[in-house]
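**Q** model this:
(one chain, ligands or ions: 1)
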Amino acid sequence: MREEGLDSNAPGLTGDDDEANSGPAPSGYGQIPDEPVDVDVTAVDPSLADPEHVAEVVAPQREIRTAEGAPLMRMEHVTMKFGGLVALDDVSFDIKRGEILGLIGPNGAGKTTCFNTMTGVYRPTEGQVVFDGRVLGKLKRNEITRAGIARTFQNIRLFNEMTALENVAVGTDARHKTSVPGALFRTTRHRDEERDAIDRGMALLEFVGIGERATEKAKNLPYGDQRRLEIARALATEPKLLCLDEPAAGFNPAEKSALMDLIRKIRDDGYTVLLIEHDMRLVMGVTDRIVVLEFGRMIAEGLPDEIRDNEQVIAAYLGVPDDESA
Ligand SMILES: Nc1ncnc2c1ncn2[C@@H]1O[C@H](COP(=O)(O)OP(=O)(O)OP(=O)(O)O)[C@@H](O)[C@H]1O
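**A** Residues are numbered from 1 along each chain as shown. Purely as a prediction, here's the structure:
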C-alpha cells in the first residue's frame, strides 16, 4: 500500500548519497585568486561579538527586503539539451524575493541542470533566465556573481590549505574595486578593502556559527563546519540569491536541524534562497515554496503542504503501484 504523503524515509529521499568532500580547490570560482590572502586576525573589530552588529555587517543591502515577494529570478520556458537528451523541457517558474524556494525531484530530474542554467554554467538551448531584470545568457560567470548570485556545491569546494577566514575573505574579493596596480602598490583603497574583507569575513563566520574556528585551516574543520564555511564564503560575495546544492548531504539529524535554523536565519536577514535537497523532512520544514521536476519537466509548484499531498509528486518519488498503473 502506498504511504500518505512524502516521507524522508522513502527510497531516494535521504541525503545519504553524499560524495567525498576532499576535492581539489575549484578553478574558475567567481573571482577567487590562486594564492592565499594575507589576513591579520588580530585586526578584527571587537564589536563583532555583538550579534546585531554582525547581522548588519553580513546583510548590508537591507533594501532587498523592501521588494519582498516580487520575482527576483524568472525561468522563462527554459529547455536544456545535451545532444539528444532533454535535461530541461520548457521549464518556467519564479523565485520571489525573500523566500526559500525548494527545488526537488527524483535522481536525474534536472535539478542540477536547472541550477547550472541559473548560475551561468550553462546557457539554455531555448528560453531564458532573467535575474533582477537582466537576461543571464548575456553575462559572463564573474558578472553573474557581481549581479548577485552565489552558490555552494554538492561536493564541498574549499581552499583546504587556507584558514576559514581566508576562505571567506577571498569571497569578498568579488566586490572589490581595486585595480591590479592598486593592489601591487597597496593603495589606501586596497588596504581599506583588505580590512573590510577581514571584518566582514569574521562577521560571516560568526553568522554561520564558526567564528571561533577562523584561524584553522579549512581541511582541519569538522565536516559540518566545512559546509557552513562554504555558505559563509558564498554570502561574502553579497548575493541577492543564495543557491544551496544539497547542503545537508552527509549530515546527522542534529546537524540537519541546525542547518534549517541557519537557512531560516539567512532568509530572515534579507537574502533569497534556492535549495536543492534530497532530504524531504528538511525541505518540507524549511522552504516557503517548492518546485518539483521529473524527467526535466516541472510537474508541480506550491506550498510544502500542497506538494506533500500532490499525487503526481508522490507517484514521481515512490512509483505508481502496479494495481494503479494497469
Ligand atoms: N553535462 C551533461 N552532459 C550530458 N548529460 C547531462 C549533463 N548534465 C546532466 N545531464 C543529464 O541530464 C539529466 C538531468 O541531470 P541532473 O544532474 O540535472 O539531474 P538531478 O535532478 O540534479 O539529479 P541528481 O538528484 O541525481 O543530482 C540526466 O539524465 C543527466 O545524465
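
**Q** make it CA atoms for all contacts and neighbour counts henceforth
**A** Fine.

**Q** And the helices in the stretch 151-300 of the chain?
**A** Along the stretch 151-300 of the chain, counting by DSSP state H, counting those that start in this stretch, helices occupy 164-172, 180-184, 188-208, 223-235, 253-268, 280-286.

**Q** Same question for the stretch 1-150 of the chain.
**A** Along the stretch 1-150 of the chain, the segments classed as helices by DSSP H, counting those that start in this stretch run 51-58, 111-118, 141-147.

**Q** Between these, which has the poorest mean confidence score?
**A** Of all the helices of the stretch 1-150 of the chain, the minimum mean pLDDT falls on helix 51-58 (a mean of 58).

**Q** looking at it, Thr287 is touching Pro304, isn't it?
**A** Yes - between Thr287 and Pro304 there is a contact under CA atoms under 8 Å: 7.1 Å.

**Q** Ala169 and the ligand: what is the separation?
**A** In this structure, Ala169 and the ligand are 29 Å apart, going by CA to the nearest ligand atom, to the nearest Å.

**Q** which residues touch that residue?
**A** Val37, Ala197, Ile198, Arg200, Gly201, Arg233, Ala236 (CA atoms under 8 Å, 6 or more residues apart in numbering).

**Q** burial measure for Gly108, as a count.
**A** Here the count is done by other CA atoms under 10 Å, and Gly108 has 13 residues near it.

**Q** Just give me the neighbour total for the closest residue to it other than its chain neighbours.
**A** Nearest residue to Gly108 in three dimensions, chain neighbours excluded: Phe295, at 6.9 Å (CA to CA, 6 or more residues apart in numbering). Residues near Phe295, counting by other CA under 10 Å, number 18.

**Q** which residues does Phe295 contact?
**A** Contacts for Phe295 were tallied using CA under 8 Å, 6+ apart; they are Ala87, Leu88, Gly108, Ala109, Gly110.

**Q** The same query, at a cut-off of 10 Å, please.
**A** Val86, Ala87, Leu88, Asp89, Gly105, Pro106, Asn107, Gly108, Ala109, Gly110, Lys111, Ala316 (CA atoms under 10 Å, 6 or more residues apart in numbering).

**Q** where does it fall, phi/psi-wise?
**A** phi 50, psi 40 (degrees, to the nearest 10).

**Q** how close does it sit to Cys114?
**A** Going from Phe295 to Cys114 by CA to CA, to the nearest Å gives 12 Å.

**Q** Report pLDDT for the residue lying closest to Lys217 once chain neighbours are set aside.
**A** Closest residue to Lys217 apart from its sequence neighbours, by CA to CA, 6+ apart: Thr163 at 3.9 Å. Thr163 carries a pLDDT score of 91 in this model.

**Q** Quickly, which of the helices of the stretch 151-300 of the chain bottoms out on average pLDDT?
**A** Sorting these by mean pLDDT places helix 180-184 lowest, at a mean of 53.

**Q** Kindly identify which of the contacts of Phe295 also come near the ligand.
**A** Here is what survives when the contacts of Phe295 are matched to the ligand using CA under 6 Å from any ligand atom: Ala87, Gly105, Pro106, Asn107, Gly108, Ala109, Gly110, Lys111.

**Q** Drop anything exposed from those.
**A** By neighbour count, with 16 or more other CA atoms under 10 Å, the ones next to the ligand among the contacts of Phe295 hold Ala87, Gly105, Pro106, Ala109, Gly110, Lys111 as buried.

**Q** Out of the helices of the stretch 151-300 of the chain, the one nearest Asn310 is which?
**A** Closest to Asn310 of those is helix 280-286 (CA to CA; 13.1 Å).

**Q** which helices and strands sit right next to that closest one?
**A** Applying 3 or more CA pairs under 10 Å, 6 or more residues apart in numbering; DSSP states H and E, one finds that helix 280-286 contacts strand 100-104, helix 253-268, strand 272-276, strand 289-294, helix 304-308.

**Q** any chance of those in JSON lines, plus mean neighbour count and distance to Ala218?
**A** What follows is the helices and strands packed on helix 280-286, written out as JSON lines (neighbours: other CA atoms under 10 Å; distance: least, CA to CA, whole Å):
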{"stretch": "strand 100-104", "mean neighbour count": "26", "distance to Ala218": "28"}
{"stretch": "helix 253-268", "mean neighbour count": "16", "distance to Ala218": "18"}
{"stretch": "strand 272-276", "mean neighbour count": "25", "distance to Ala218": "24"}
{"stretch": "strand 289-294", "mean neighbour count": "24", "distance to Ala218": "33"}
{"stretch": "helix 304-308", "mean neighbour count": "18", "distance to Ala218": "35"}
